[in-house]
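K.L.:
Here is a sequence together with a model predicted from it:
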Amino acid sequence: MSVYDEAAPTVSICLPVYNGENYVAEAIESLLAQTFTDFELIITDNASTDRTEEICRRFAAADPRVRYHRNARNVGGARNQEIACQLSRGRYIRLSAHDDTVAPSHIEECIAVLEQRPDAVIAFTGTIVIDQEGVEDKRYRSTRGTADTPSRRFRELLFRDHNCDAIYGVMRGDVLRSVPPMENFIDGDKVFLCRLAFRGPFVSIDRPLFYKRYHPKNWVGNWRDRMAWYNPQAKGKVSFPNWLELFSFCNAIATAPIPLREKLRCGASMVHWVARYSPGLMKDLLVAAGSLVPRARPREGIYNWE
């Protein structure tokens, strides 16, 4: 949907989830408790095999603002989020995770900032990190993506030393719908944020209203498992996560609606990116080469000592 529907809610909250029975109820409750009430909550269930469906359907039956959609199969984390965004109708969109929560005034304060700053594309708040029991660990505030030029914002968001905090702010729906969806590889969220930052600055609110939960089950371990989380079709296959990221950043620069001089400055930042992550780029090639070499099979009986 590219044109805002006057009859639609002001905000669409998109909540993709897969096997989230542990925390999804708490996440939904915090969203339904927002002081800003003109919203729809779109839950896209990625064919969960636990009690996620039961929990989400209970909320949908009790509150008409909740819309529940279940995929017929696991389409991957990135595609599941894309489906939620495609179902959205609001002028503003907030992306949510099933294991995070927000303070009651989170959406209201973000919208107030966006109304005051028509040039801004995202408003996001400070973060409170909590553990699996909800106990606070630390607080911090990110300002990445808030610089005054596209090339500076790109450089702020380009490297892997941040947690993409802005992605859980409130963003303008027309801007989100104007860029390609988040891609299905590791750090696809960083490329996605850069595409948004080319359209305008982010605004960081100096109040910690977002609770980011870290727990044993909220991230998969090695890079192969992480790639499979984004894209189940990649499971067991050779992939090039670092090269995919490199090419996607280059595509984001090439297609950005910014002046040529800004694109050249972004290209200079990419030179630094390649230098910093060259070991990962080389590892991708070595892993791929290793997969092409057939493993030697021992001759039958050669190690039979009986």
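P.N.:
In hand now; what should we look at? Residues are numbered from 1 along each chain as shown.

K.L.:
buried set for stretch 114-121?
P.N.:
114, 120-121 (16 or more other C-beta atoms under 10 Å). In short, each C-beta sits where N, CA and C put it, glycine included.

K.L.:
oh, I was asking about stretch 66-79
P.N.:
Neighbour count says stretch 66-79 has 66-69, 71, 74-79 buried, by 16+ other C-beta under 10 Å.

K.L.:
repeat for stretch 79-89
P.N.:
Quick answer for stretch 79-89 (16+ other C-beta under 10 Å): 79-85, 87-89.

K.L.:
between those, which is closest to Asp161?
P.N.:
Distance ranking of the buried residues of stretch 79-89 against Asp161, using C-beta to C-beta, places Gln81 first at 23.1 Å.

K.L.:
could you give me the average pLDDT of stretch 94-110?
P.N.:
Mean pLDDT, computed over stretch 94-110, is 98.

K.L.:
What residues of it count as buried?
P.N.:
Result for stretch 94-110 [16+ other C-beta under 10 Å]: buried residues 94-103, 106-110.

K.L.:
which one of the residues you listed sits closest to Asp131?
P.N.:
For those, the nearest to Asp131 is Asp99 (11.1 Å; C-beta to C-beta).

K.L.:
residues in contact with that closest one?
P.N.:
20, 22-24, 27, 213, 215, 218 (C-beta atoms under 8 Å, 6 or more residues apart in numbering).

K.L.:
Can you classify it by secondary structure?
P.N.:
Applying DSSP: H, G, I helix; E, B strand; the rest coil to Asp99 yields a three-state assignment of coil.

K.L.:
I'd like the distance between it and Met270.
P.N.:
Distance of Asp99 to Met270, given as C-beta to C-beta, to the nearest Å: 33 Å.

K.L.:
show me where the stretch 51-200 of the chain has strands.
P.N.:
Taking DSSP state E, counting those that start in this stretch as the test, the strands found in the stretch 51-200 of the chain are 66-70, 92-95, 101-102, 122-130, 136-140, 170-172.

K.L.:
Lowest mean pLDDT across those strands, which one is that?
P.N.:
Taking the mean pLDDT of the strands of the stretch 51-200 of the chain, strand 136-140 comes last: a mean of 95.

K.L.:
just the buried members of the contacts of Asp99?
P.N.:
20, 22-24, 27, 213, 218.

K.L.:
among these, which are in helices?
P.N.:
If you go by DSSP state H, those have 24, 27 in helices.

K.L.:
wait, which of the buried ones among the contacts of Asp99 is closest to Asp38?
P.N.:
Distances from Asp38 to the buried ones among the contacts of Asp99, taken by C-beta to C-beta, are shortest for Ala27, at 19.7 Å.

K.L.:
contacting residues around the closest one?
P.N.:
Here Ala27 is in contact with 15, 20, 96-101 (criterion: C-beta under 8 Å, 6+ apart).

K.L.:
let's go with 7 Å and repeat that
P.N.:
By C-beta atoms under 7 Å, 6 or more residues apart in numbering, the contact list for Ala27 reads 15, 96, 98-101.

K.L.:
do the same with Asp137
P.N.:
Asp137 neighbours (C-beta under 7 Å, 6+ apart): 129-131.

K.L.:
Mind jotting down where the helices sit in the stretch 101-250 of the chain?
P.N.:
Remark: helices assigned in the stretch 101-250 of the chain by DSSP state H, counting those that start in this stretch are 106-116, 150-158, 173-176, 188-197, 223-230, 241-255.

K.L.:
Leu95 and Gly290: what is the separation?
P.N.:
For Leu95, the distance to Gly290 - C-beta to C-beta - is 37 Å.

K.L.:
partners of Tyr68 in the sheet?
P.N.:
Ile43 (DSSP bridges).

K.L.:
Would you list the phi and psi of the residue lying closest to Arg213 once chain neighbours are set aside?
P.N.:
Distance criterion C-beta to C-beta, 6 or more residues apart in numbering; nearest residue to Arg213, sequence neighbours excluded, is Asp99 at 4.7 Å. When read as degrees, to the nearest 10, the backbone of Asp99 gives phi -110, psi 10.
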